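> got a predicted model here, sequence first, then my questions.
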Amino acid sequence: MSSVELHRARTLVSDPKQAAERLLEQLPSAAKPKLVTVFASRSIDQVALNRALRERLPKGTRIVGTTSSAELDNEGLHERSIVLGALSGDFEVGLGVGRELSKDAIVSGNVAITSACDQLGVMPSNLGSRHVGMVIDDAFRYKKEEFLLGMLEPNPALVLVGGGASDSELDPAKQSAQLHVDGEVVTDAVVVALFRTDARWAAMRSHWYVPTGRTLRITRVDETCTRALEIDGKPAAKRYAELLGVTVGDLEFGKPHGFATQPTALRVGREYFVRAPWRPLDDGSILFANLLEEGTDLEIMQLGDMVRSTTHFFEEELPLRVGNPSAVLLFQCSGRQWFADSTGKRADLAKTFASAPPAVGFNCHFEIYCGFHINTTLTALAFGSSP
């Protein structure tokens, strides 16, 4: 029987050497993980932490990780902490990094996946159902859709899931992110951990919205393709507010009657990928987190039960997909926690993680699911066991 197992550890110690000691002493003494994930508060010295972990882990253990605005495990949501996941079992992993993301993201994505494939001794075009990629990027470069084009160009069927490195700093001018890849800490980059396994696995996503049956059409965008200038042939912000029955001032994400409660989603088959607007701008346009294309129809979604939907995901959907889930890597949109905070639901949301299989993760700056850039979503890479 093929399986993947996860052991987890967490510490609030900020000194890198002491933190590494505290984390590793929480693992079983016989543990020899093939891959360690490290999700650490941006306030931690990442280079020193990486060095301390590398010195203490077995030589053959790979390391991948990122800075985060909050860290996740089965005990809930944490801040200013370090969460470590130790993965062992029946899998091989290749780690690829694409640098200079802001210079040429398409090339960076292609370099990352090609490097990971080289380590596994497989051509990108030959990747199949035994392969899945976990992706983490320097999200403040805002290049997800571009590097995904590069990663998927040699094999569009490859399943990719993950999220963007984040920062608890709220001032956009001061936000930054760092990524761990083996004994190195990088920025302006994207990292892919490419798994090859016979164990059951699934890339999954959960959000707390339901479709309304109402749609809008993006009819004009700006030259960056990130601002909707017109929706349904009318000024974008005014039209969106009209559809929701609120004022333009009510729209900004996080407000109780705006984008956070009635976002837009792209319908793909029977699924709805949330691609919520971000904020209305003074010129009457709307800034989105993802790229826009004129003529696209988007579904207007409605907020459902935040806590119930997340609990159902952990208790029902995960076991249904992978059977006996034993390891889950989680990528939660920071906006989910932000909105949970604003509605007084944070404690209840945190409790849902106790229902998950063994899990580690982080609050990310926008998510990746099956090659799509999405937001306001919890994405996951789950492993189980196969006969």
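Everything's here; your move. Residues are numbered from 1 along each chain as shown.
> helices of the stretch 201-350 of the chain, residue ranges please.
Per DSSP state H, counting those that start in this stretch, the stretch 201-350 of the chain carries helices over the ranges 236-244, 306-312, 318-322, 334-342, 346-351.
> closest one to Leu381 among those helices?
With respect to Leu381, and counting by Cβ to Cβ, the nearest of those is helix 318-322 at 10.1 Å. Heads up, the C-betas are built off the backbone N, CA and C, glycines and all.
> my guess is Phe339 contacts Ala260. True?
Yes. Between Phe339 and Ala260 there is a contact under Cβ atoms under 8 Å: 4.8 Å.
> so what sits against both of those two?
The contact sets of Phe339 and Ala260 overlap at 253-254, 376 (Cβ atoms under 8 Å, 6 or more residues apart in numbering).
> let me know the closest of the residues you listed to Phe331.
Among the shared contacts of Phe339 and Ala260, and counting by Cβ to Cβ, the member closest to Phe331 is Thr376, at 12.3 Å.
> which SS class is that closest one?
Applying DSSP: H, G, I helix; E, B strand; the rest coil to Thr376 yields a three-state assignment of coil.
> neighbours of it, just the number please.
By other Cβ atoms under 10 Å, 27 other residues sit near Thr376.
> mind listing what the closest residue to Ser385 other than its chain neighbours touches?
Closest residue in space to Ser385, ignoring its immediate chain neighbours: Ser3 at 3.8 Å, by Cβ to Cβ, 6 or more residues apart in numbering. Ser3 makes contact with 89-90, 199, 326, 383-386, according to Cβ under 8 Å, 6+ apart.
> most neighbours among those, which one?
Ranking these using other Cβ under 10 Å puts Phe383 first, with 30 neighbours.
> gap between the residue nearest the centre of the chain and Ser285?
Nearest residue to the geometric centre of the chain (Cα atoms, centre = their mean): Gly163, 2.3 Å. Distance, Gly163 to Ser285, using Cβ to Cβ, to the nearest Å: 26 Å.
> and if you look at Thr352?
In terms of Cβ to Cβ, Thr352 sits 36 Å off from Ser285.
> what do you get for Gly249?
Remark: distance between Gly249 and Ser285 (Cβ to Cβ) = 15 Å.
> swap in Gly85?
Distance from Gly85 to Ser285, by Cβ to Cβ: 41 Å.
> more neighbours: which of those two?
Per other Cβ under 10 Å, whichever of Gly85 and Ser285 has more neighbours is Gly85, with 26 against 20.
> how about that one, what does it touch?
If you count contacts by Cβ under 8 Å, 6+ apart, then Gly85 has 6-8, 36-39, 327, 329, 360 around it.
> I'd like these as TSV, with neighbour count and distance to Leu24 appended.
Shown next, in TSV, are the contacts of Gly85 (neighbours: other Cβ atoms under 10 Å; distance: Cβ to Cβ, whole Å):
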residue	neighbour count	distance to Leu24
Leu6	22	15
His7	18	10
Arg8	20	12
Val36	26	9
Thr37	25	14
Val38	27	11
Phe39	31	15
Ala327	27	18
Leu329	25	19
Val360	27	15
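> list the buried residues in the top helix by length along the chain.
Ranked by number of residues, the top helix in the chain under DSSP state H is helix 105-120. Buried residues in helix 105-120, counted by 16 or more other Cβ atoms under 10 Å: 105-117, 120.
> I'd like the average pLDDT over it.
Averaged over helix 105-120, pLDDT sits at 98.
> just how off-centre is it within its chain?
How far helix 105-120 lies from its chain's middle: 19 Å, per Cα atoms, centre = their mean, to the nearest Å.
> run through who's touching that helix.
Here helix 105-120 has contacts from 92-101, 123-124, 127, 133, 141, 143, 146-154, 158, 189-194, 196, using Cβ under 8 Å, 6+ apart.
> after it, which helix or strand is next?
Using DSSP states H and E, the next helix or strand after helix 105-120 towards the C-terminus is strand 131-138.
> tell me what angle that next one forms with helix 105-120.
140 degrees (axes from the mean of the first three to the mean of the last three Cα atoms, to 10 degrees).
> what's the angle from the next helix or strand after strand 131-138 to strand 131-138?
Remark: after strand 131-138, the chain's next helix or strand is helix 144-152, criterion DSSP H and E. Angle, helix 144-152 to strand 131-138, by the same axes, to 10 degrees: 150 degrees.
> tell me the buried residues in helix 144-152?
Using 16+ other Cβ under 10 Å as the test for burial, helix 144-152 gives 144-148, 150-152.
> which one of these is nearest Pro235?
Glu145 (25.3 Å).
> what packs against the longest strand along the chain?
The longest strand of the chain (DSSP state E) is strand 209-221. Here strand 209-221 touches strand 227-231, helix 236-244, strand 264-268, strand 271-274, strand 297-303, going by 3 or more Cβ pairs under 8 Å, 6 or more residues apart in numbering; DSSP states H and E.
> direction included, what does the lowest-mean-pLDDT helix or strand in the chain pair up with?
The weakest-scoring helix or strand in the chain, judged by mean pLDDT, DSSP states H and E, is strand 385-386 (a mean of 76). The pairing partners recorded for strand 385-386 under DSSP bridges are strand 2-11 (antiparallel).
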